[in-house]
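**Q** Starting from these lines, generate the structure:
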Amino acid sequence: MTLPYHRSGEDRPVHPDAPPIGRRERNKQQKLERITAAATELFSAHGVDEVTTQQIADRADVGAGTLFLYARSKAELLLLVHNVKFADAIETGVAAASGLSDPIDALMAIVRPIVECNRVQIENGRTYLRELVFGDPEEPHRREGLALSLRVEAAFVDVLRRDGLSEADAAELARAISAVMFISITATIHRDLSDDGVVDVIRRQVAVMLARRA
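**A** Modelled structure (predicted):
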């Protein structure tokens with residue numbers, strides 16, 4: 001049975017027995033969608049450092065006070081926007097890895113869309129990853145981003161387990177690969193590399209890790 005869909009930032013199924021959404025909730029959702037769209041557009045066009053929260057509020061046609069009900073700072077707005085892109089990149093990578101038998105190829109299939117996602121606007125991606133690492137882990141948007149990071153590690157574990165590693169060893173190695181990936185994306189020394197170049201840097205380090213485990 002195909003469930004009906006509604007628009008709420010992205011298409012998702014609505015259960016036919018679900019109660020209707022009230023006007024207040026619809027208004028809140030519409031404001032969130034406008035804020036997310038405005039932040040996405042402005043961050044993509046100008047970079048997070050060049051955009052103010054007032055510009056986002058004006059573009060979304062909401063007051064600054066209303067904006068801060070959804071995100072308390074520009075950093076949280078970036079997290080709100082980028083979490084969606086990060087989630088999509090993870091799912092793309094996991095799907096690509098599922099059909100690959102070579103562990104390094106499968107790991108890089110997961111890595112590549114994450115690298116690409118975080119380098120569409122390089123400074124935005126670097127700021128996003130720094131916010132995940134150094135910000136308040138209890139802030140809701142950051143907590144969501146950290147959960148996505150754990151999803152990446154779980155995907156790495158699935159690949160490594162297929163290669164015969166124990167659960168414990170796979171988890172340790174997955175954390176190391178994740179660290180290499182995020183450092184390689186954010187490192188200033190790699191800023192002028194192409195996406196392929198960054199992926200190659202990560203691939204070579206992962207190959208050494210796996211060789212030492214053999």
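**Q** CA atoms for contacts and neighbours, from now on please.
**A** Will do.
**Q** show me where this protein has helices.
**A** 23-46, 53-60, 64-70, 74-97, 103-117, 122-134, 140-162, 167-186, 195-213 (DSSP state H).
**Q** Comparing those, which stretch has the densest surroundings?
**A** Burial of the helices of the chain is given as mean neighbour count (mean count of other C-alpha atoms under 10 Å); helix 103-117 ranks first at a mean of 22.
**Q** Name the residues that touch it?
**A** Applying C-alpha atoms under 8 Å, 6 or more residues apart in numbering, the external contacts of helix 103-117 come out as 85-86, 89-90, 92-94, 96-100, 125, 152, 155-156, 159-160, 162-163, 181, 185, 195, 198-199, 203, 206-207.
**Q** a markdown table for the helices of the chain, including mean pLDDT?
**A** Formatted as a markdown table, these follow (pLDDT from 0 to 100):
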| stretch | mean pLDDT |
| --- | --- |
| helix 23-46 | 88 |
| helix 53-60 | 94 |
| helix 64-70 | 89 |
| helix 74-97 | 94 |
| helix 103-117 | 97 |
| helix 122-134 | 91 |
| helix 140-162 | 95 |
| helix 167-186 | 95 |
| helix 195-213 | 94 |
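**Q** what sits against Gly63?
**A** Taking C-alpha under 8 Å, 6+ apart, one finds Ala57 in contact with Gly63.
**Q** State the distance from it to Gly145.
**A** Between Gly63 and Gly145 the computed distance is 26 Å (C-alpha to C-alpha, to the nearest Å).
**Q** what's the answer for Ala155, then?
**A** Distance from Ala155 to Gly145, by C-alpha to C-alpha: 15 Å.
**Q** Likewise for Asp195?
**A** For Asp195, the distance to Gly145 - C-alpha to C-alpha - is 22 Å.
**Q** Could you do Leu173 as well?
**A** 21 Å.
**Q** Next: Asp136.
**A** From Asp136 to Gly145 the distance is 11 Å (C-alpha to C-alpha).
**Q** any idea which residue sits dead centre in the protein?
**A** The residue lying closest to the centre of the chain (C-alpha atoms, centre = their mean) is Phe86, at 2.0 Å.
**Q** Contacts only, for that residue.
**A** With C-alpha under 8 Å, 6+ apart, Phe86 has these contacts: 114, 117-118, 148.
**Q** residues in contact with the spatially closest residue to Glu153 that is not a sequence neighbour?
**A** Nearest non-adjacent residue to Glu153, counting by C-alpha to C-alpha, 6 or more residues apart in numbering: Ala174, 5.4 Å away. Contacts of Ala174 were listed using C-alpha under 8 Å, 6+ apart, and they are 153-154, 156-157, 160.
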